[in-house]
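> with the input below, show me the fold.
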Amino acid sequence: MKFTVDKHEKYVLIKLNESKLNSLNSPQLKSELILCNSEGQRNIILDLSNVKYSDSSGLSSLLVGHRICKNADGTFILTRINENIARLIAISQLENILNIVETVDEAIDLIFMEEIEKELRRELE
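Predicted coordinates for the structure are as follows:
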């Protein structure tokens with residue numbers, strides 16, 4: 001599977017450079033998501049701008065990303081998804097579970113906003 005990983009202090013940006021997210025390559029994505037998380041990254045942005053098609057195993061890898069970030073008190077965000085993937089997410093009734101934004105910049109802003117909120121909550125406790 002072809003992808004780029006861009007690590008930052010508060011998040012990691014993974015951009016898939018494949019046109020399909022399916023049973024042939026979704027195990028590699030799951031492994032990369034788990035690896036990022038095990039290295040201490042709890043906020044992951046997944047840029048799907050190049051992905052034109054996903055099947056149920058691809059969707060499963062997205063749910064793995066969501067679960068590991070949530071368990072680490074972090075955020076998993078999908079960005080730049082196309083109509084086909086948006087439809088698959090809607091059919092699966094996951095649009096209220098997965099965080100989806102239009103652009104990478106919006107995803108970064110959302111992560112920083114949530115990090116500030118978490119810090120404020122910790123201070124109030």
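> quick one: buried residues of the helix or strand containing Lys118?
Using DSSP states H and E, the secondary-structure element containing Lys118 is helix 104-124. Within helix 104-124, the residues that count as buried by 16 or more other Cβ atoms under 10 Å are Val104, Ala107, Ile108, Leu110, Ile111, Glu114, Glu115. The C-beta positions use only the backbone N, C-alpha and C, and glycine is treated the same way.
> ditto for stretch 91-108
The neighbour-count check on stretch 91-108 (16+ other Cβ under 10 Å) flags Leu98, Asn99, Ile100, Val101, Val104, Ala107, Ile108 as buried.
> next one: stretch 7-16 to chain centre, how far?
Relative to its chain's centre, stretch 7-16 lies at 10 Å (Cα atoms, centre = their mean, to the nearest Å).
> contacts for it?
Residues from elsewhere that reach stretch 7-16 (Cβ atoms under 8 Å, 6 or more residues apart in numbering): 1-6, 29, 32-33, 36, 41, 43-51, 104, 107-108, 111-112, 115.
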